[in-house]
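Asker: missing the sequence, but the structure's below:
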């Protein structure tokens, strides 16, 4: 009778990105998620803090309170580039390449909270398609740029759509 070797536990590297209402910068974490005997096990492989310049912070805070739709749209894409750069820095610090990352999750930059609205609402920006373009990942999200519109759709290796 032949014995099968136990399969190696599945391991995935995930990047998480966050910037909150203080608008002072981005925190990026690379976490290793692996199958455990019961459930998943996670460990932090790398963490970086990427502060915003004073000018960018002032712009975020001003647009959060007084911005037009056009200004919010522009800032959305600009912050997408900042989030992408933070993710790349964290990936490099972890000693990995972008191709070794299974997924990237971004909370985005909070620009407005309406906790007493009906329904309660909040708005985060930092365009995921820009982050995806920088990491060859595909998000199901419309992209617009250089005078043409295109759509990227797909799933990140077996995880389903990532937004």
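Answerer: Received it, and whenever you're ready, just let me know what you need. Not measured: the values here are computed from a predicted model.

Asker: buried residues in stretch 66-79?
Answerer: Of all the residues in stretch 66-79, those buried under the rule 16 or more other C-beta atoms under 10 Å are 67, 75, 76, 77, 78, 79. All C-beta spots, glycine's among them, are computed from the backbone N, C-alpha and C.

Asker: let's have those residues in a markdown table, adding distance to residue 18.
Answerer: Putting the buried residues of stretch 66-79 into a markdown table (distance: C-beta to C-beta, whole Å) gives the following:
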| residue | distance to residue 18 |
| --- | --- |
| 67 | 21 |
| 75 | 17 |
| 76 | 16 |
| 77 | 19 |
| 78 | 17 |
| 79 | 12 |
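
Asker: run through the neighbouring helices and strands of the longest helix along the chain.
Answerer: Using DSSP state H to define each element, the chain has its longest helix at helix 69-93. Under the contact definition 3 or more C-beta pairs under 8 Å, 6 or more residues apart in numbering; DSSP states H and E, helix 69-93 sits against strand 11-19, strand 25-35, strand 40-51, helix 54-66, strand 103-114, strand 121-125, helix 128-135.

Asker: and it with helix 128-135, angle?
Answerer: Angle of helix 69-93 versus helix 128-135, following axes from the mean of the first three to the mean of the last three C-alpha atoms, to 10 degrees, is 30 degrees.

Asker: on that earlier part again, among the helices and strands packed on helix 69-93, show the one with the smallest mean pLDDT.
Answerer: Looking at these, the lowest mean pLDDT belongs to helix 128-135 (a mean of 85).

Asker: any idea what the residue nearest the centre of the chain is bridged to?
Answerer: In the chain, the residue lying closest to the centroid (C-alpha atoms, centre = their mean) is residue 106, at 2.5 Å. Beta-bridge pairing of residue 106 under DSSP bridges involves residue 17.

Asker: for it, give me its contacts.
Answerer: By C-beta atoms under 8 Å, 6 or more residues apart in numbering, residue 106 lies in contact with 16, 17, 18, 83, 126, 128, 131.
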